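Trainee: Any chance you can model this:
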Amino acid sequence: MSGAVAVSSAHAGDPVCAKSYITLRKGPGEKNAVSWKVAKFMPFLRVERKSGWAKVQDLEGEEHWAKNSELTGAIRCVVVKTTTAILRKEANSGASPLDFKTVDRYTPLKRLSNDREWVQIEDETGRQGWVHETNVWKPVNVQSISF
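Mentor: All right, here's what the predicted structure looks like:
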């Protein structure tokens, strides 16, 4: 293919976050079994829409269904992917930890900004701090480009 550019999506979808505590299901509809209950700010990659429902992928790549109305793309979120993550007052490893110091795996957080390899976060109570990017997962639409 000379001169042409082919773009393919490895994970075609949109990054979205839970607006509040929500129940995820194994299929689109209230009658489907519950697969997971998640807290506000849990991030997902929305990969499909069907009759008011969205198929989403979590940080493990597992798929669930959520009501479209319970998800938003208007805010950015991350989730702790390591066993625990230290939250700091400033964007560096030498900074003092926050009063609540650590958060556990699967803790969802609102992403406010980035400073190099640090992510400024806010929990559901409004407390803010910094976490190293290696401790969190954020959904991204990964695309590969070939020539």
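
Trainee: Identify the residue spatially nearest to the residue most central in space within the chain, adjacent ones excluded.
Mentor: Nearest to the geometric centre of the chain sits residue 43, at 2.3 Å (Cα atoms, centre = their mean). Closest residue to residue 43 apart from its sequence neighbours, by Cβ to Cβ, 6 or more residues apart in numbering: residue 77 at 3.9 Å. (Each C-beta comes from the backbone N, C-alpha and C, glycine too.)

Trainee: do residue 52 as well
Mentor: Closest residue to residue 52 apart from its sequence neighbours, by Cβ to Cβ, 6+ apart: residue 68 at 5.6 Å.

Trainee: for residue 64, same thing?
Mentor: Once its chain neighbours are removed from consideration, residue 64 has its nearest residue in residue 24; the separation is 3.7 Å (Cβ to Cβ, 6+ apart).

Trainee: quick one: least confident helix or strand in the protein?
Mentor: strand 6-9 (a mean of 36; mean pLDDT, DSSP states H and E).

Trainee: tell me the domain boundaries of this structure?
Mentor: Following automatic domain parsing, the chain resolves into domains at 13-72, 77-137.

Trainee: got those as JSON lines, with mean pLDDT columns?
Mentor: Formatted as JSON lines, the entries for the domains of the chain read as follows, by pLDDT from 0 to 100:
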{"stretch": "domain 13-72", "mean pLDDT": "97"}
{"stretch": "domain 77-137", "mean pLDDT": "95"}
